[in-house]
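Peer 1: Okay, sequence plus prediction incoming.
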Amino acid sequence: MNPNPKHRHQDGFPTSDSINHLINNLGDSINTFSKTKRPFSGDHRRVLIGDSHIRSYVNTPKPLLNSDYNLYCVVKPGSGSEELMATASEVMRRLSQDDLVVVCSGTNDYDLNDFSLTFQNIKNYVMINNNSNIILMNVPFRYDLWNSSSVNKNISVLNRKLRKLAKAFPHINFLQTFKNRNLFTAHGLHRSKLGKKLVNLQLAHLLLTAFDQNLHYQSLLVGMIGGMILTCQVLQIK
């Protein structure tokens, strides 16, 4: 599919108009899923664990979820992947196969040998903890560093490895977010208001669909911008 020039900048990133279009599509899809009657009953815990980035995703998804979901969050600003994975492992001991953990980690590991230790920390965590379902969020770009360009190249490599890791394990999913500069603040570390809104909708959509028994590893089309199709793989809970 050829990219639509109206929806892409020359650098290949989606424009604000196309992002707003995607946000509207995600909102419609979430509204549909939240009203759909689910085949399961009872409460299901969604636990968000991460560094300062995860704080932006605590309150917004909750109103979008129905009463079947309990949302919790563990925020550890400035923490690296080793500390966060230890925390996530402790939390996993209290969860069951009907629960789900969202992990946002790695952004503070930019000086750890090209993120090789980051990948190993996360890989060890998902291999050991297979009693509950896990969503790995991709590591966001860093636009606040003097060497942001080289750091972001390493982050791209890390995210590709994390995506492959998620495909290798049935209890893991991967949430890919957009990396263009317009979705981050002027400072460059955290996402802008628009960037947070987009990720919150992506996350809410995945949290809603992860327990749908009729969606066994289907790819859901949740938006298209400039020829780029955004899909979410959905886990089946047995």
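Peer 2: Perfect, I can see it now. If you're wondering where the values come from, they're calculated on a predicted model, not measured in any experiment.
Peer 1: Helices of the chain, residue ranges please.
Peer 2: 16-35, 61-64, 81-92, 116-128, 148-168, 193-209 (DSSP state H).
Peer 1: Could you export these to a markdown table, including columns for distance to N108, mean neighbour count and mean pLDDT?
Peer 2: C-beta coordinates here come from the backbone N, C-alpha and C atoms, glycine included. Converted to a markdown table, the helices of the chain look like this (distance: least, Cβ to Cβ, whole Å; neighbours: other Cβ atoms under 10 Å; pLDDT from 0 to 100):
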| stretch | distance to N108 | mean neighbour count | mean pLDDT |
| --- | --- | --- | --- |
| helix 16-35 | 26 | 16 | 78 |
| helix 61-64 | 23 | 18 | 65 |
| helix 81-92 | 8 | 19 | 93 |
| helix 116-128 | 9 | 18 | 94 |
| helix 148-168 | 12 | 16 | 94 |
| helix 193-209 | 18 | 22 | 85 |
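Peer 1: mind checking which of those is nearest S52?
Peer 2: Closest to S52 of the helices of the chain is helix 81-92 (Cβ to Cβ; 11.3 Å).
Peer 1: contacting residues around that closest one?
Peer 2: 47, 49-51, 74, 76, 79, 101, 103, 105-106, 108-109, 117-118, 121-122, 124-125, 128-129, 131-132 (Cβ atoms under 8 Å, 6 or more residues apart in numbering).
Peer 1: If we use 7 Å, what do you get?
Peer 2: Under the criterion Cβ atoms under 7 Å, 6 or more residues apart in numbering, residues 47, 49-51, 74, 76, 101, 103, 105-106, 109, 118, 121-122, 125, 128-129, 131-132 lie in contact with helix 81-92.
Peer 1: Next, the angle helix 116-128 makes with it.
Peer 2: 10 degrees (axes from the mean of the first three to the mean of the last three Cα atoms, to 10 degrees).
Peer 1: next one: helix 81-92 to chain centre, how far?
Peer 2: 17 Å (Cα atoms, centre = their mean, to the nearest Å).
Peer 1: Please apply the same query to stretch 107-116.
Peer 2: The answer for stretch 107-116 is 19 Å, by Cα atoms, centre = their mean.
Peer 1: Also stretch 182-194?
Peer 2: So, by Cα atoms, centre = their mean, the centroid of stretch 182-194 is 16 Å from its chain's centroid.
Peer 1: Ends of it, what's the gap?
Peer 2: 9 Å (Cα to Cα, to the nearest Å).
Peer 1: If we go by neighbour counts, what in that stretch is buried?
Peer 2: L183, F184, L189, H190, R191 (16 or more other Cβ atoms under 10 Å).
Peer 1: Counting neighbours, what do you get for the residue lying closest to Q176 once chain neighbours are set aside?
Peer 2: Once flanking residues are discounted, Q176 sits nearest to N138: 5.2 Å by Cβ to Cβ, 6 or more residues apart in numbering. With neighbours defined by other Cβ atoms under 10 Å, the count for N138 comes to 21.
Peer 1: Phi and psi next, for N138.
Peer 2: phi -70, psi 150 (degrees, to the nearest 10).
Peer 1: Output stretch 131-145 as CSV, restricted to C-alpha atoms.
Peer 2: Presented in CSV, the C-alpha positions along stretch 131-145 are these (Å, rounded to 0.1, in the frame of the first residue of the first chain):
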residue,chain,number,x,y,z
ASN,A,131,1.4,-17.7,35.4
SER,A,132,-0.2,-14.4,34.2
ASN,A,133,-0.4,-12.5,30.9
ILE,A,134,2.1,-9.7,30.1
ILE,A,135,2.0,-6.7,27.8
LEU,A,136,5.4,-5.3,27.0
MET,A,137,5.2,-1.6,26.0
ASN,A,138,7.9,-0.6,23.5
VAL,A,139,10.7,1.6,25.0
PRO,A,140,9.9,5.3,24.0
PHE,A,141,12.5,7.4,22.2
ARG,A,142,14.7,9.8,24.1
TYR,A,143,14.7,13.3,22.6
ASP,A,144,16.2,15.0,25.7
LEU,A,145,19.8,13.8,25.4
